[in-house]
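>>> this one's structure only:
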């Protein structure tokens, strides 16, 4: 049994020496990772994963912890990306100022979107956020100031004298921020604000009668979620060093939501595993037709049963199937699998 | 200035008067019971007091301040806590976390200070520990040690009722509203609950406003009883007086044809 000796251990980041040890192992691995992988594409993949983890943490704070759905997070992602680049090009701000400023702009929009959420729930809220996600990219896409449909090129990325012109440099920035934001999210849900979020999800009447201000915490959850997503968007702008409005589609919003659900609603670790798994699948499934046997079989299947676009969309069909299977067999997502594995090993070998 | 006063309170749902001109006063330190048959408007009265419903007419004063129109969280901050007839707990949280929410209004950690929970000496860390100790004293009082770290959704009904009471106590209220605290309990659990309510009154000095159907319990613990039926007050007085009142008997037992 894990017996606790002080109240602090309930909220401590590392409540045992073993956890602290594995944390350092993980950190060492993250530092070494770019030097042990065989090619640059793995670093690129890790960068995308880090960015998606930040988004999914933010989205999970909203959907999983506070119980408010959003189908418009690609919109915040888009705002973060555009705001970061625009602030750098037009206002001449350095990246280190522009990125948090862009995240704050996104948070402000999140707060505004949170206001209708005070009156809307479930399907109605999802449509309202869907509308936001679609319209914001359309608006930005039509404004010449933001480059219109041609998009924007990212300027040089420097922090002080550190020039981040390779994927490797960017990796350390993205992963460092991801680690910090993960710890912050974990601390938030363990303390007063996070408990208020969960209380609202569980029972909003009881939350109010225990003194939780519904208006404040619901809009705060939206703003916080948008902050995380906007910050991730700002980083994303430098992955391809080019952004255009067509990148931030409804499908992107849905993929973010899929990462949350597959990883596990209301779980920090689930946010990480969900983002990592779906990002990996999304990248790997693009090459699905080159896998021996399965690729040929899928090509034949696609050509005989689907239209001409079938082959190019087969990655989404397979991805969708995997998501359905995970939901059927483990509604709590990957986090649920983890809990089951832990229980199993606790009593092993009986 | 009276401690708690309801004046000429009326609530309409459409054309139906759920509460119709109810007035009463509660002295500090009392256990004040509200009785009446099903649908008499007792829970509606509670919902008006803590701001879930806005009454159509009338006023409610708590320590001299008008509380009609305040939101439920503002009412809670003024020092009024409640439990519900149909348990309203946070099912996917542990007993400890449920009680910690009762401490919400007494804590200060916000988003930033929460995010920077770096060690025992950080603001959030220190505050957590202080309030966990308070919660622990309530766990001791209500003998909830064995379910401290269990998710409340799966616990037995009687235990859930007790945790709800604990959460209300964690707010350190001056006025506690208990909506049928003994509903669905067996005789032994009822006895325990009666003891705890007396403890709350005597040792914690909290004024209790109580809805209850069990007349024996009402007789046992209340100082004053208000009987209502169809939203209208029938009578108010000591338990004995109210019990003898012909209209109360009629409301509960029915009249001769």
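Alright, I've got the coordinates. Keep in mind that what you see is a predicted model, and the values were worked out from it rather than measured.
>>> from here on, contacts and neighbour counts on C-alpha atoms
OK.
>>> mind checking the SS state of the residue of the stretch 1-150 of chain B at minimum distance from chain A?
Closest residue of the stretch 1-150 of chain B to chain A, Cα to the nearest Cα: residue B:73 (3.8 Å). Taken by DSSP: H, G, I helix; E, B strand; the rest coil, the conformation at residue B:73 corresponds to helix.
>>> can you tell me how far it sits from residue A:148?
The gap separating residue B:73 from residue A:148 is 46 Å, by Cα to Cα, to the nearest Å.
>>> on that earlier part again, what about the closest residue to the residue of the stretch 1-150 of chain B closest to chain A other than its chain neighbours, which SS state?
Leaving out its chain neighbours, the residue that sits closest to residue B:73 by Cα to Cα, 6 or more residues apart in numbering or on different chains is residue A:211, at 3.8 Å. Three-state call for residue A:211 (three-state DSSP): coil.
>>> next, give phi and psi for residue A:211.
phi 100, psi 10 (degrees, to the nearest 10).
>>> for chain B, what's its nearest residue on the stretch 51-200 of chain A.
In the stretch 51-200 of chain A, the residue that lies nearest chain B is residue A:184 (4.4 Å; Cα to the nearest Cα).
>>> identify all contacting residues around stretch B:72-91.
Surrounding stretch B:72-91, the residues in contact under the criterion Cα atoms under 8 Å, 6 or more residues apart in numbering or on different chains are A:199, A:202-203, A:205-206, A:208-213, B:50-52, B:67, B:98, B:105, B:151-154, B:160-161, B:164-165, B:168-169, B:171-181, B:183.
>>> what about residue A:292, neighbour count?
Counted with other Cα atoms under 10 Å in any protein chain shown, residues neighbouring residue A:292 total 9.
>>> just the buried residues of the lowest-mean-pLDDT helix or strand in chain B, please?
The helix or strand of chain B with the poorest confidence is helix B:246-253; it has a mean of 80 (mean pLDDT, DSSP states H and E). For helix B:246-253, a neighbour-count test (16 or more other Cα atoms under 10 Å in any protein chain shown) marks B:247-248, B:251 as buried.
>>> sorry, back to before: could you report the pLDDT at the residue of the stretch 1-150 of chain B closest to chain A?
pLDDT for residue B:73: 95.
>>> please list the residues of the stretch 151-257 of chain B that sit near chain A.
Within the stretch 151-257 of chain B, the positions lying close to chain A (Cα under 8 Å from any Cα of the partner chain) are B:167-168, B:171.
>>> before we move on, the earlier item: and the contacts of stretch B:72-91, which are buried?
Buried members of the contacts of stretch B:72-91, counted by 16+ other Cα under 10 Å: A:199, A:202, A:205-206, A:208-213, B:50-52, B:67, B:98, B:105, B:151-152, B:160-161, B:164-165, B:168-169, B:171-181, B:183.
>>> narrow those to those in strands?
Under the assignment DSSP state E, the buried ones among the contacts of stretch B:72-91 contribute B:175-179 to strands.
>>> can you tell me, leaving aside adjacent residues, what's nearest to the residue nearest the centre of chain B?
Compute the mean C-alpha point of chain B, and by Cα atoms, centre = their mean the closest residue is residue B:177, 2.2 Å away. Distances taken as Cα to Cα, 6+ apart put residue B:82 closest to residue B:177, at 4.4 Å, once the chain neighbours are dropped.
>>> now the one you found: how far from residue B:165?
Separation of residue B:82 from residue B:165 (Cα to Cα): 8 Å.
>>> show me what the longest helix anywhere in chain B is packed against.
Longest helix in chain B, counting residues (DSSP state H): helix B:123-141. Applying 3 or more Cα pairs under 8 Å, 6 or more residues apart in numbering or on different chains; DSSP states H and E, one finds that helix B:123-141 contacts helix B:95-102, helix B:111-115, helix B:157-170.
>>> kindly reformat these as a markdown table containing mean pLDDT.
Listed next are these as a markdown table, based on pLDDT from 0 to 100:
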| stretch | mean pLDDT |
| --- | --- |
| helix B:95-102 | 95 |
| helix B:111-115 | 87 |
| helix B:157-170 | 93 |
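>>> the residue nearest to residue B:73 reaches residue B:107, doesn't it?
No - counting by Cα atoms under 8 Å, residue B:107 is not a contact partner of residue A:211; they are 10.9 Å apart.
>>> ok, now which ones touch residue 46?
Defaulting to chain A. residue A:171.
>>> oops, chain B please
Counting by Cα under 8 Å, 6+ apart, residue B:46 touches B:177, B:179.
>>> can you confirm it is in a helix?
Yes - under three-state DSSP, residue B:46 falls within a helix.
>>> tell me the pLDDT at it?
pLDDT, residue B:46: 94.
>>> any idea how far it is from residue B:33?
Separation of residue B:46 from residue B:33 (Cα to Cα) stands at 12 Å.
>>> for residue A:158, same thing?
Counting by Cα to Cα - residue A:158 and residue B:33 are separated by 70 Å.
>>> who has more neighbours, the two?
residue B:33 (26 against 13).
>>> confirm that that one sits in a strand.
Yes - with three-state DSSP as the criterion, residue B:33 is located in a strand.
>>> thought it was touching residue B:222?
Yes - look at residue B:33 against residue B:222 with Cα under 8 Å: they come within range, at 6.0 Å.
>>> any idea how far residue A:264 is from residue A:147?
Look at residue A:147 and residue A:264: by Cα to Cα, they are 38 Å apart.
>>> so those two - more neighbours on which side?
residue A:264 (27 against 18).
>>> which parts of the stretch 1-150 of chain A sit against chain B?
So the stretch 1-150 of chain A meets chain B at A:7-8, A:11-12 (Cα under 8 Å from any Cα).
>>> where does pLDDT dip in chain B?
Within chain B, the stretches with pLDDT under 70 are B:255-257.
>>> okay, now the domains of it?
Chain B breaks down into these domains under automatic domain parsing: B:1-79+B:173-257, B:90-170.
>>> go through the ones you listed and pick out the most buried.
Greatest average neighbour count among those goes to domain B:90-170 (a mean of 19), per mean count of other Cα atoms under 10 Å in any protein chain shown.
>>> next one: that one to chain centre, how far?
Chain-centre distance of domain B:90-170: 18 Å, with Cα atoms, centre = their mean, to the nearest Å.
>>> now the end-to-end length of that domain.
15 Å.
>>> turn the residues of the stretch 151-257 of chain B next to chain A into TSV, columns for distance to residue B:237.
Shown next, in TSV, are these (distance: Cα to Cα, whole Å):
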residue	distance to residue B:237
B:167	30
B:168	27
B:171	30
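>>> what is the nearest of these to residue A:341?
residue B:167 (33.1 Å; Cα to Cα).
>>> for the closest residue in space to that closest one that isn't next to it in sequence, what are its contacts?
When the adjacent residues along the chain are set aside, residue B:167 lies closest to residue B:99, with 4.5 Å between them (Cα to Cα, 6+ apart). By Cα under 8 Å, 6+ apart, residue B:99 lies in contact with B:135, B:163, B:166-167, B:170.
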